[in-house]
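# Sequence first, predicted model second:
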Amino acid sequence: MELKNKKWSDEQFYKVREEVLNQWPTGKEIDFQEAADYLKKVPEHKNFSLKLKKAKEEGITLAQPRAGVALVDAHIELLTYLQDEGGADLLPSTIDSYTRQNRYNECEVGIKESEKAGRSLLNGFPGVNHGVKGCRKVFEAVNLPLQARHGTPDARLLTEIIHASGWTSNEGGGISYNIPYAKSVSLEKTILDWQYCDRVAGIYEEMGIKINREPFGPLTGTLVPPCISNSVAIIEGLLAAEQGVKNITLGYGQCGNLIQDVAAIRALVEQAEEYFKAYGYNDIELTTVFHQWMGGFPADESKAFGVISWGSATAALAGATKVIVKTPHEAVGIPTKEANAMGIKATKQTLNLLRGQRLPMSKELEAEIALIKAETKCILDKVFEVGNGDLAVGTVKAFEQGILDIPFAPSKFNAGVILPARDNNGAVRILNAGNIPFTKDILDFHRSLLEERGRYEGRDVAFQMVVDDIFAVGKGVLVGRPENK
Amino acid sequence: MELKNKKWSDEQFYKVREEVLNQWPTGKEIDFQEAADYLKKVPEHKNFSLKLKKAKEEGITLAQPRAGVALVDAHIELLTYLQDEGGADLLPSTIDSYTRQNRYNECEVGIKESEKAGRSLLNGFPGVNHGVKGCRKVFEAVNLPLQARHGTPDARLLTEIIHASGWTSNEGGGISYNIPYAKSVSLEKTILDWQYCDRVAGIYEEMGIKINREPFGPLTGTLVPPCISNSVAIIEGLLAAEQGVKNITLGYGQCGNLIQDVAAIRALVEQAEEYFKAYGYNDIELTTVFHQWMGGFPADESKAFGVISWGSATAALAGATKVIVKTPHEAVGIPTKEANAMGIKATKQTLNLLRGQRLPMSKELEAEIALIKAETKCILDKVFEVGNGDLAVGTVKAFEQGILDIPFAPSKFNAGVILPARDNNGAVRILNAGNIPFTKDILDFHRSLLEERGRYEGRDVAFQMVVDDIFAVGKGVLVGRPENK
Amino acid sequence: MKNKLVLGVIGADCHAVGNKILYHAFTEAGFQVENIGVLSSQEDFINAAIETNADAIIVSSLYGHGEIDCRGLREKCDEAGLKGILLYAGGNLVVGKQEWSDVEKRFLDMGFNRAYPPGTSPQTTINDLKKDLGW
Amino acid sequence: MKNKLVLGVIGADCHAVGNKILYHAFTEAGFQVENIGVLSSQEDFINAAIETNADAIIVSSLYGHGEIDCRGLREKCDEAGLKGILLYAGGNLVVGKQEWSDVEKRFLDMGFNRAYPPGTSPQTTINDLKKDLGW
Ligand code: B12
Ligand code: B12
């Protein structure tokens, strides 16, 4: 199929669908009409879109953990615990890494071994293998909206299964679930496959069922400059809207400097709304998700609580609609349910203390918002340009040419030239922009900020700064200074 | 002796001193000259004033725990742990409550019983009973500056002992260690007794030894409006300066609304500096201390971490010179050394993430600073007026007349009419100002904010709001809303 | 109706906020409360109980010395002719986070009728009082 | 001098940051590193080791499936003629926070020469490599 940013025809969709549902036996359990009937009976308080909408109206920030284990009953126990003891507002099912690579046979092994071992040997919930039956069992056992969170380049079958099971939100996107998660899957393929996923949501939407879609904001989670993640978020938002998605949550991963983080969220909302309007998508319900620090964590649990709480505070001050919660076990391994609940409790305490509080507008915040928007516009203009007006085509070309370039990403379709580093205040700036089409003013501004840091630290602006910054938060600081600073 | 805000003569001082040193046998161990020689040998990095000064210059926020147990060796073990494992920047010795009431005989019992029980039965370190010998042993065992933290209306003997032992800072003041800590000790007496303590510091200062003094900022720790605590801080700062104190740390206890908290610290610094200048104290080294939430804590430890971290973040954004650290055990009991270190680690992680970050100036922040200063000026003007220009006399009269009135204080010398409550954004406002001499504009402004909250909550502005606000943070929120809000 | 209480915070303890709240709550619940406030000695409690002919003494201790401060209170009550008066204690009764069942046992052994862990709501005590006083 | 390494992240694991850092650190320390990157199968490791005539294989696993992914690697190396090649593993090798000594034992039993707990600094491995390779 030729890649184009154009709503799929029914013919296209149903042809591909036949193949998709045959990828694994559980695909055959799905019946669109029956699924729609099931979804229509989902009560309001278990619908993701409605809960987000309400939170946005009330100006509060919801808390959502990550969680997933191999077996259905254990997964239910886990989610119920996070709901009742942790006080989560929204529930996830984090999908395991074999499912993400469509290796369902290996999932079977993981499920069997987990049954034998009495502990999960998979790092998530193998939704495809459990099928609609297993996924509905999970959905019916909990009392909150449920979302699939994964990192799956080809999530078509998974998407069919989870929505048919009453899960009213799906995370991912053709860029954000490829470049950070895959090595050699082409962007053409993942954008097409995510158009399919978006189209599934769009079809349900046309049947009057509200389905939320959330592009994965943080990308590699490691020193991603706001303009990069905002550009990707807006592109994936537009691609989703074209397939008929109406309820979109755009995301951003905390960088650590308060002003930059708040500016990033504000710029994202304002700019995304402008683009939605400009391209004729007038009825999008836009919300935001703020990810607590996504890079390397400190191993000490008290220190981890500091990181978690500061992320929560920033989310609240930024006015994000929801925040994704880390746990005190982050540096070491998938958290126990207790550790997971601890992360939620620290988060909710902070959110509640800050309810209604916002970072007020200031010269500094205004300037940072303007900067991020200008940078993002440089990128998006060029993406449209190289695509001759087609966003999907433009995205593929932009990655080829390094116009879009995501730091530290494993994909061979990513240029991987960009190098970010923190300025003296901890904001993430760009040390090497590679081919990202910034104006000279913007490039000079980044350079000057990094040189200011270099002078303060008495060293050259160079790769060592990047390395030091990667380890910094794990070592308890934001900026990776040399020993004596 | 007649109460006046006037530096004590040597004659006055040494006459009282004879009596003070006779209050308990350990008083006789003190020899001023020998003590001065000992203090002169205190290395720079163990001097409180110097460490604060350096932090102020570098723009960083230091972390200090509270800690104290009955026996010298156990106390050393505790402090060493907080220093090495917790990473504290400054060390305390929290003094037990019998010492605070000068009940040294009961301390003896507590020490004996603690020896027998193998755990501390006292809630702090009985510094007077351990005397210079014990206190020096503690000082020599640690590698950081040491401060006495207590709540002692008559701390004269304690002050003599701790300074002679190399402890270069003393917390307290004639108001702040009386009204929140005592029931029937007159203000005349505590102001005189604290003039004595200040004079001890002043005399050392005159001998070239830097001693830091810190009035106790948070008072009752419970919904104290910033103008009240700032007024008391400035008064105690001025009283200390008159006795020759040069290095002063003024304090403030977190209220929970970011803008109000940052405004309170900024207003405090600016206004204190103005008053010091205006009254001719031109060489004061002024620093600030921010207390993490001092009211009722949540019992859940993860939630406590949320409160601790948010306090740390506010301290950093306010640019306070140091922050006093709470622990995850706060709601339940004196923390174990492990829990205490956990509080420090979460605090330092947050401070380090925020190093160099400040809340930028905004319309809202500017307005709040202006409000706090105006309120504080109303109070201080009147204090000087009723004292006929004498601050010490004015303070006593101001409390008699309810011009100064501290919420929830146990002292019978406090009017206790004032009632604070939070506005819709969680800032602490005044529901009943009693006799506090605000202008009508200010009173109306407070009223209107509380009425806005009342409308939002659908209830009258009344005492129930105060009760709800007292329990709120312990229950996980900042503003005590009715059930359905 | 037996509804006369003496309320206070024992020893060198100055924590005043909970005391004010308890006074408010007990009064609203229909008790007649003599509040002797913070920093009250055993004698202060006993004298107030005699003067007001109280049915129960409610002792708060927040600051950690409760264990020392409360010792012998039952015996002193007996001596003062307050035999059988209800004795409750609550707050943060001991130093540190200790196993509650141990702490409770220590207070019951000292002759208290009931002891409450940190964070107990006034309502709990009100319900118990009504039961123990036979409302 | 024995200094040829194969470096990669095994299985369906996409964590790329640590891999880039290790490549940087090992190269700086004087090793010749063939970096096969993330999402590498056992076969990828073995083929690269044969092609480059490597002295050691450094396996990273961050995402939790390390235990499953690494099984049989030693045997496959033996079959492929890489008898005695040094095998190291590190990262976040198993699912969750587990007792390290248990995890280490599992990896040594699988035939790894060394295994490292989360957060191990590259320098530790560099020192061990120099020792094991007889520098
Ligand atoms: C950033 C990150 C991501 C990014 C990765 C982007 C990218 N492509 O690189 C994204 C968001 C995409 C991601 C995805 C996932 N992640 Co992730 N991720 C992290 C995180 C936060 C930091 C990793 C990192 O970059 N650290 C910085 C680098 C420099 O350190 P490092 O990777 O640890 O590597 C160093 C050391 O480990 C050591 N080392 C590594 N290998 C070796 C080998 C030897 C021999 C030696 C001696 C040393 C050594 O040296 C390296 C350099 O210093 C960690 C948690 C943490 N550490 O804080 C979780 C973590 C690794 N992720 C985890 C998981 C589970 C996932 C997901 C399954 C999703 C999920 N459930 O949340 C997916 C997996 C997708 C997949 N197919 O692999 C888990 C693994 C759990 C476990 N083992 O029990 C972790 C530990 C988080 C957690 N506690 O749940 N993740
Ligand atoms: C505010 C506060 C202060 C203020 C008090 C101001 C004032 N005059 O009131 C200040 C700062 C002055 C202060 C001083 C000290 N404090 Co203080 N303080 C607190 C804090 C943070 C909140 C107390 C509060 O007001 N809570 C709100 C009210 C509404 O709740 P409450 O007091 O718990 O009372 C309720 C319940 O306990 C219960 N209750 C109380 N009594 C009874 C009795 C019965 C029968 C029943 C059923 C229920 C009941 O009902 C009340 C109403 O709901 C607590 C920790 C916490 N709880 O978070 C520490 C705490 C009580 N303080 C403590 C200590 C040790 C001190 C100091 C010694 C200093 C120090 N080491 O830090 C001094 C003591 C001075 C002295 N002589 O007493 C410790 C006690 C430790 C222990 N028991 O092991 C605590 C627990 C903190 C800690 N974990 O270290 N403190």
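Arrived safely, thanks for sending. Ligands and ions are numbered 1, 2, ... in the order given.
# use CA for all of it now, contacts and neighbours both
Fine.
# for chain C, what spans make up the strands?
Counting by DSSP state E, residue ranges of the strands within chain C are C:4-10, C:32-40, C:56-61, C:86-91, C:114-115.
# Which neighbouring elements make contact with the third one?
It refers to strand C:56-61. Packed against strand C:56-61, as judged by 3 or more Cα pairs under 8 Å, 6 or more residues apart in numbering or on different chains; DSSP states H and E, are the following elements: strand C:4-10, helix C:42-52, strand C:86-91.
# What of the shortest one?
For strand C:114-115, the elements it packs on are strand C:86-91, helix C:100-109, judged by 3+ Cα pairs under 8 Å, 6+ apart.
# Name the residues that touch the last one?
In other words, helix C:100-109. C:Glu67, C:Ala89, C:Leu93, C:Val94, C:Arg114, C:Ala115, C:Tyr116, C:Pro117 (Cα atoms under 8 Å, 6 or more residues apart in numbering or on different chains).
# for the fifth one, what are its contacts?
Okay, so that is C:Arg114. Here C:Arg114 is in contact with C:Leu87, C:Tyr88, C:Ala89, C:Phe107, C:Leu108 (Cα under 8 Å, 6+ apart).
# so how far is C:Tyr88 from the fourth one?
Counting by Cα to Cα, to the nearest Å, the separation of C:Phe107 from C:Tyr88 is 9 Å.
# Overlap of the contact sets of these two?
Both C:Phe107 and C:Tyr88 are in contact with C:Arg114, C:Ala115, where contact means Cα under 8 Å, 6+ apart.
# Skipping adjacent residues, who's closest to A:Thr80 in space?
Counting by Cα to Cα, 6 or more residues apart in numbering or on different chains, A:Thr80 lies nearest to A:Val142, which is 6.1 Å off, once chain neighbours are set aside.
# Would you check that the one you found makes contact with A:Ile76?
Yes. A:Val142 lies in contact with A:Ile76 (Cα atoms under 8 Å); the separation is 7.5 Å.
# what about the two, which has more around it?
Counted by other Cα atoms under 10 Å in any protein chain shown, A:Val142 and A:Ile76 do not tie: A:Ile76 has more neighbours, with 21 against 18.
# Show me what counts as buried in the host helix or strand of A:Gln33.
Using DSSP states H and E, A:Gln33 sits within helix A:32-40. Of the residues in helix A:32-40, those buried by neighbour count under the rule 16 or more other Cα atoms under 10 Å in any protein chain shown are A:Ala35, A:Ala36, A:Leu39, A:Lys40.
# The first one reaches A:Ala164, doesn't it?
Put plainly, it is A:Ala35. Yes. Using Cα under 8 Å, A:Ala35 is in contact with A:Ala164, at 4.7 Å.
# list the contacts for residue 120?
Because you didn't say which chain, this covers chain A. Neighbouring residues of A:Ser120 by Cα under 8 Å, 6+ apart: A:Val69, A:Ala70, A:Leu71, A:Gly110, A:Ile111, A:Ser114, D:Val95.
# Switch to chain C, please.
C:Thr120 sits next to C:Gly90, C:Gly91 when contact means Cα under 8 Å, 6+ apart.
# Could you tell me how far it is located from A:Cys135?
Here the distance between C:Thr120 and A:Cys135 works out to 41 Å (Cα to Cα).
# So which residues on chain A come close to ligand 1?
Contact residues (Cα under 6 Å from any ligand atom) of chain A with ligand 1: A:94, A:96-97, A:123, A:180-181, A:220-221, A:294-297, A:329-335, A:409-410.
# Quick one: mark the members of those residues that sit in strands.
For the residues of chain A next to ligand 1, secondary structure assignment (DSSP E) places A:Thr94 in strands.
# follow-up on the earlier one: after the helix holding A:Gln33, heading C-terminal, what element do we hit next?
helix A:48-58.
# what's the following helix or strand after that next one?
The helix or strand immediately downstream of helix A:48-58 is strand A:62-64, counting by DSSP H and E.
# Of all the residues in the next helix-or-strand element following that following strand, which ones are buried?
Sequence-wise, the next helix or strand downstream of strand A:62-64 (DSSP H and E) is helix A:72-84. When neighbours are counted by 16+ other Cα under 10 Å, the buried residues of helix A:72-84 are found to be A:Val72, A:Ala74, A:His75, A:Ile76, A:Glu77, A:Leu78, A:Leu79, A:Thr80, A:Tyr81, A:Leu82, A:Gln83.
# same thing with stretch A:460-468?
Of the residues in stretch A:460-468, those with enough neighbours to count as buried (16+ other Cα under 10 Å) are A:Val461, A:Met465, A:Val466, A:Val467, A:Asp468.
# and if you look at stretch A:257-277?
For stretch A:257-277, by 16+ other Cα under 10 Å, it's A:257-269, A:271-273, A:275-276.
# cool, stretch A:188-204 as well?
Under the neighbour-count criterion of 16+ other Cα under 10 Å, stretch A:188-204 has A:188-204 buried.
# ok so, going back, can you lay out the helices and strands packed on strand C:56-61 as JSON lines showing distance to A:Gly311?
As requested, the helices and strands packed on strand C:56-61 are exported to JSON lines (distance: least, Cα to Cα, whole Å):
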{"stretch": "strand C:4-10", "distance to A:Gly311": "40"}
{"stretch": "helix C:42-52", "distance to A:Gly311": "49"}
{"stretch": "strand C:86-91", "distance to A:Gly311": "34"}
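# For chain D, which of these is the nearest?
Each of the helices and strands packed on strand C:56-61 was scored for nearness to chain D using Cα to the nearest Cα, and the closest is strand C:86-91 (37.0 Å).
# Tabulate the CA atom coordinates of that closest one in CSV.
Taking Å, rounded to 0.1, in the frame of the first residue of the first chain, the C-alpha atoms of strand C:86-91 are listed here in CSV:
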residue,chain,number,x,y,z
LEU,C,86,-12.2,6.1,83.4
LEU,C,87,-8.7,6.7,82.1
TYR,C,88,-8.0,7.1,78.4
ALA,C,89,-4.7,7.9,76.7
GLY,C,90,-4.0,8.8,73.1
GLY,C,91,-1.7,10.8,70.8
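# And it, what does it pack against?
Contact analysis of strand C:86-91 by 3+ Cα pairs under 8 Å, 6+ apart lists strand C:56-61, strand C:114-115 as its packing neighbours.
# need the contact list for the residue lying closest to A:Ile379 once chain neighbours are set aside.
Closest residue to A:Ile379 in three dimensions, ignoring its sequence neighbours and counting by Cα to Cα, 6+ apart: A:Pro437, at 6.1 Å. For A:Pro437, the residues meeting the contact criterion (Cα under 8 Å, 6+ apart) are A:Cys378, A:Ile379, A:Lys382, A:Ile403.
# Within the helices and strands, which one has the third one?
It stands for A:Lys382. Under the criterion DSSP H and E, the helix or strand holding A:Lys382 is helix A:363-386.
# So what touches that helix?
Taking Cα under 8 Å, 6+ apart as the rule, helix A:363-386 contacts A:226-228, A:230-231, A:259-260, A:262-264, A:266-268, A:271, A:390-391, A:393-395, A:397-398, A:403-404, A:436-439, A:442, B:360-362.
# Stretch A:139-147 now?
Here stretch A:139-147 makes contact (Cα under 8 Å, 6+ apart) with A:45-48, A:51, A:76, A:79-80, A:83, A:89-93, A:165-171.
# List the buried residues in it.
Quick answer for stretch A:139-147 (16+ other Cα under 10 Å): A:Phe139, A:Val142, A:Asn143, A:Leu144, A:Pro145, A:Leu146, A:Gln147.
# picking that back up, put together CSV for the strands of chain C, with distance to ligand 1 and mean pLDDT on each row.
Putting the strands of chain C into CSV (distance: least, Cα to the nearest ligand atom, whole Å; pLDDT from 0 to 100) gives the following:
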stretch, distance to ligand 1, mean pLDDT
strand C:4-10, 47, 97
strand C:32-40, 48, 97
strand C:56-61, 42, 97
strand C:86-91, 39, 97
strand C:114-115, 42, 97
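# Would you mind putting those strands into CSV with distance to ligand 2 alongside?
As requested, these are arranged in CSV below (distance: least, Cα to the nearest ligand atom, whole Å):
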stretch, distance to ligand 2
strand C:4-10, 7
strand C:32-40, 8
strand C:56-61, 4
strand C:86-91, 3
strand C:114-115, 6
